[in-house]
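> output the structure for:
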Amino acid sequence: TTMSSKSKSSSSSSSSSVAKVAEAVQQWLEWDMNKETRGEVEALWAQAQADGGEEQLALLEKRMLKRIAFGTAGLRARMAAGNACMNELVVTQTTQGLCAYVLEHLEDVATSKGVIIGYDGRYRSKLFAHTAAAVFLSKGVPVHLFRRLVATPMVPWGVSHLGLAAGVMVTASHNPKDDNGYKVYWANGAQIIPPHDKGIAASIEKNMAPWAAGHQELDMNHKLLHDPEKLIDTYMVQIKERYSFHSHENSSAKLRVAYTAMHGVGTPFVERAFKVFNLPPFVPVKEQVEPDPEFSTVKFPNPEEGKGALKLAMETAEREKCTVILANDPDADRLAVAELDEKSSEWNIFNGNQIAALFADWVWRKHVATHPHESAEQRKKNVMLASTVSSKFLQSMAKHEGFSFVDTLTGFKWMGNTAYDLERLQGMNFLFAYEVEIGFLIGNLSLDKDGVRTAAVFTEMAEQLRREGKTLWEHLHDLYAKYGYYEMNTGYFFSYSNDPLERVFKRLRTGGDDGGYIRQCGKHNVVRIRDVTTGYDSGMPDDKCAFVTMPDAHMITFYFDNGCVSTLRNSGTEPKLKYYMECNDPTSQADARAKCDEMRDLIIAEFLQPDKVGLIAPKKPV
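Sure, this is the predicted structure:
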């Protein structure tokens with residue numbers, strides 16, 4: 001295609017950007033074989049060259065001149081034409097890079113066992129999954145491709161169970177409907193972490209030109225293409241054997257549970273999990289249990305949003321006399337929970353830390369019951385994990401009960417890999433991991449958060465508590481009385497340019513009396529500082545942080561003399577500075593809450609100074 005570029009202005013910067021866009025557009029049209037996205041780029045380019053086409057030119061600059069970053073979450077972006085978005089060409093290029101990298105590092109496993117690919121119910125998810133499968137097959141890599149919509153946890157389970165080289169799940173989880181994503185698992189069944197993310201990103205750059213000429217249709221009869229449907233049967237058998245302890249009693253359960261898939265893929269999987277646990281069927285939230293790429297009944301398909309997202313579930317539960325609500329996010333790897341307080345007729349929506357406390361207690365009690373003769377030394381070999389911004393309740397419980405607790409960087413990629421390493425390298429027995437953003441993993445069957453098996457386990461636990469005459473809420477408060485009351489505040493400020501964020505972190509590192517870290521907030525002294533950006537930790541013998549140093553991101557944790565722990569970090573996916581702070585009190589929830597609110601106000605006023613540096617507070621919900 002030859003192109004005439006009509007300069008928008010006499011300035012050289014404008015003409016050079018037009019030239020850059022022209023080059024990028026030409027390259028795109030040479031490579032993109034998808035009629036829809038090709039048409040989109042051709043139309044935008046034609047408009048950009050006409051008079052008054054500044055807006056279209058700016059849009060093309062944004063979409064064409066910056067490439068979507070391949071990070072530890074893989075890809076996630078809006079679906080549209082261009083290098084910065086999710087589309088067939090970008091998925092082709094990404095898969096070529098991944099395929100080349102896998103063949104370079106795991107050639108034997110890749111060519112003998114292959115990879116697994118799944119997809120959710122979003123627009124174009126199936127197209128992207130089929131596009132990825134065609135790329136792997138073209139290099140002789142066997143592909144286990146799910147033939148129907150699948151819950152994300154089935155992909156990491158497939159990698160581990162079949163001993164594959166890698167896994168790909170096409171999903172954007174709980175993002176808005178216009179987004180899609182591409183999540184990558186390594187051969188250990190956990191999400192990729194450094195150095196693989198950088199290695200794959202570099203490999204993508206080396207494999208940009210499509211390997212196949214013309215449009216690639218996936219050959220559904222290809223001899224290396226397999227249907228992994230039986231994996232789901234095996235998963236269900238395994239979760240029953242490993243994680244159900246009361247199946248004989250479950251059949252007569254009186255607890256009534258309402259379930260929503262949040263317009264996602266969870267329903268058939270959670271239905272089967274209930275069945276193998278011998279639990280009575282849940283009551284479906286009819287408007288939300290079928291996959292719907294429009295997410296038509298919710299503003300955000302994120303069960304973590306609380307009351308707004310759970311409104312229909314609450315209506316269903318009240319109508320059908322259910323006392324517990326379970327909600328998956330659209331790809332069914334996370335779990336939200338609410339319980340009716342029958343005295344006040346109000347719903348208690350549990351946060352991630354509270355659900356985790358209930359799970360940890362259940363998992364530990366079941367472990368002790370099935371291993372009654374463990375010595376203190378053997379007990380120490382059992383381990384639970386939490387991301388570092390989650391509650392330290394598990395740490396307190398571990399001290400009390402004698403098992404081990406390890407905290408990790410934020411994100412399940414770190415927990416999955418840590419669980420794998422602790423088991424393989426240190427002979428530990430991994431029991432449970434969680435992140436406060438309602439992601440939970442019970443047992444080592446697979447190594448990523450799982451909203452399917454946790455839904456069945458949670459229901460079995462709630463039914464057993466009901467038989468003891470206790471609600472979930474009452475039991476949670478018994479656990480606090482035993483292990484300490486923990487209260488957390490989390491929040492964020494927008495930092496639309498990098499400047500406010502950089503100013504905050506520079507001051508925290510150099511604003512102290514000695515030109516080093518700030519070591520006081522209000523009347524409270526800092527007793528330990530862990531800075532993941534620089535690899536410094538004053539609480540370690542050699543001042544070295546046990547976590548992988550992350551120089552490209554900001555993350556500092558301050559430990560105060562009053563027991564408060566506060567972490568400040570930038571979001572990896574949005575222009576936000578996030579804060580987390582937790583305080584505890586051995587005997588009083590009100591005291592823990594008061595301390596936590598005081599620390600939040602102090603940290604915002606003294607550490608963040610939003611008005612002074614230009615951080616923008618989110619609008620308060622009306």
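> where do the helices of the stretch 251-400 of the chain begin and end?
Assigned by DSSP state H, counting those that start in this stretch, the helices in the stretch 251-400 of the chain fall at 267-276, 307-319, 352-370, 376-379, 393-401.
> tell me which of these lies nearest to Pro301.
Pro301 sits nearest to helix 307-319 of all the helices of the stretch 251-400 of the chain, at 7.5 Å, using C-beta to C-beta. In this view, the C-beta of every residue, glycine as well, is placed from N, C-alpha and C.
> which residues sit against that closest one?
Helix 307-319 has contacts (C-beta atoms under 8 Å, 6 or more residues apart in numbering) with 258-260, 262, 283-288, 297-303, 322-325, 327, 336, 338, 340, 347, 349.
> only the buried subset of those, as a PyMOL command please.
In PyMOL, a selection of the buried entries from the contacts of helix 307-319 looks like this (16 or more other C-beta atoms under 10 Å):
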select buried, resi 258+259+260+262+283+284+285+287+288+297+298+301+302+303+322+323+324+325+327+336+338+340+347+349
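> can you tell me which of the contacts of helix 307-319 end up in strands?
Among the contacts of helix 307-319, DSSP state E puts 258-260, 283-284, 324-325, 327, 336, 338, 340, 347, 349 in strands.
> next, format the helices of the stretch 251-400 of the chain as CSV and append distance to Tyr420 and mean pLDDT.
As requested, the helices of the stretch 251-400 of the chain are exported to CSV (distance: least, C-beta to C-beta, whole Å; pLDDT from 0 to 100):
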stretch, distance to Tyr420, mean pLDDT
helix 267-276, 23, 98
helix 307-319, 32, 96
helix 352-370, 18, 98
helix 376-379, 21, 97
helix 393-401, 19, 98
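> and those helices as CSV, adding mean neighbour count and distance to Asp537?
Compiled in CSV, the helices of the stretch 251-400 of the chain are given as follows (neighbours: other C-beta atoms under 10 Å; distance: least, C-beta to C-beta, whole Å):
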stretch, mean neighbour count, distance to Asp537
helix 267-276, 21, 40
helix 307-319, 18, 37
helix 352-370, 20, 23
helix 376-379, 11, 27
helix 393-401, 19, 16
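> got a list of contacts for the helix or strand containing Tyr492?
Assigned by DSSP states H and E, Tyr492 falls within strand 485-494. Residues outside strand 485-494 that contact it (C-beta under 8 Å, 6+ apart) are 351, 353, 389, 391-393, 396, 436, 480, 500, 571, 575-589, 591-593, 595-597, 599-600, 608, 610, 615-618.
> try stretch 133-140
Under C-beta under 8 Å, 6+ apart, the answer for stretch 133-140 is 92, 95-96, 99, 103, 111, 114-115, 117, 142-143, 145, 211-212, 216-219, 222, 224-225.
> follow-up on the earlier one: quick one: the strand holding Tyr492 to helix 352-370, angle?
Put simply, strand 485-494 runs at 140 degrees to helix 352-370, going by axes from the mean of the first three to the mean of the last three C-alpha atoms, to 10 degrees.
> what's the following helix or strand after strand 485-494?
Next along from strand 485-494, by DSSP H and E: helix 498-510.
> distance from the helix-or-strand element of the chain with minimal mean pLDDT to the middle of the chain?
When each helix and strand of the chain is scored by mean pLDDT, DSSP states H and E, helix 12-31 comes last, with a mean of 88. When distances are taken as C-alpha atoms, centre = their mean, to the nearest Å, helix 12-31 is centred 36 Å away from the chain's centroid.
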